[in-house]
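> this one's sequence-less:
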C-alpha cells in the first residue's frame, strides 16, 4: 500500500478537541474526527462515516489488539472496527488516495471502510 498516512498501534488516541485531519499521500482523501462525534473520510465529498454523529464519542484509539475504537469521556466504547486480535504484534491503519481506510495486522488486511457500513 503506497501512502504516507499510516497510524500504528503504538500511537496515542486522537481527540475531537484537536479536530485532527490526516491526509493520504496524494492528498486526494483525508479523515477527520469531527466535533460532532462523527469519524468521516472525505474525498471531494464525504465518502464514509462512522454514523456516530451526535453521540458523546470524543476520541479515536488504535488499540494494541488491532481494534480501532471510538470512546466517550468515560471510556465507554461508541464504535469499533471489531478487529481485535489477541496475538497482534503490530497493526497499521492506512488511508489510501482513493479514500479507503485499511486496517492490517502484520501485513494482512483485517478491516476496511469500503466493506463497512459505519456504525453497526
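Cool, got the structure. Everything numeric here is computed off the predicted structure, so don't read it as measured data. Numbering: from 1, shown residues only.

> Name the nearest residue to residue 89, ignoring sequence neighbours.
Distances taken as CB to CB, 6 or more residues apart in numbering put residue 106 closest to residue 89, at 6.1 Å, once the chain neighbours are dropped. C-beta: built from backbone N, CA, C; applies to glycine.

> how many neighbours does the one you found have?
13 (other CB atoms under 10 Å).

> Test my guess that it contacts residue 87.
No: counting by CB atoms under 8 Å, residue 106 stays clear of residue 87, with 9.4 Å between them.

> Tell me the spacing between the closest residue to residue 78 other than its chain neighbours and residue 84.
Sequence neighbours aside, residue 57 is the residue nearest to residue 78 in space, at 3.9 Å (criterion: CB to CB, 6+ apart). Between residue 57 and residue 84 the distance is 18 Å, computed by CB to CB, to the nearest Å.

> Between the two, tell me which one has more neighbours.
Comparing residue 57 with residue 84 by other CB under 10 Å, the one with more neighbours is residue 57, at 26 against 16.

> What's opposite that one in the beta bridge?
Beta bridges link residue 57 to residue 72, judged by DSSP bridges.

> Name all residues that make contact with it.
Residues in contact with residue 57 (CB atoms under 8 Å, 6 or more residues apart in numbering) are 16, 37, 39, 70-72, 78-79.

> leaving aside the residues next to it on the chain, what's closest to residue 79?
residue 70 (4.2 Å).

> likewise residue 47?
residue 99 (4.3 Å).
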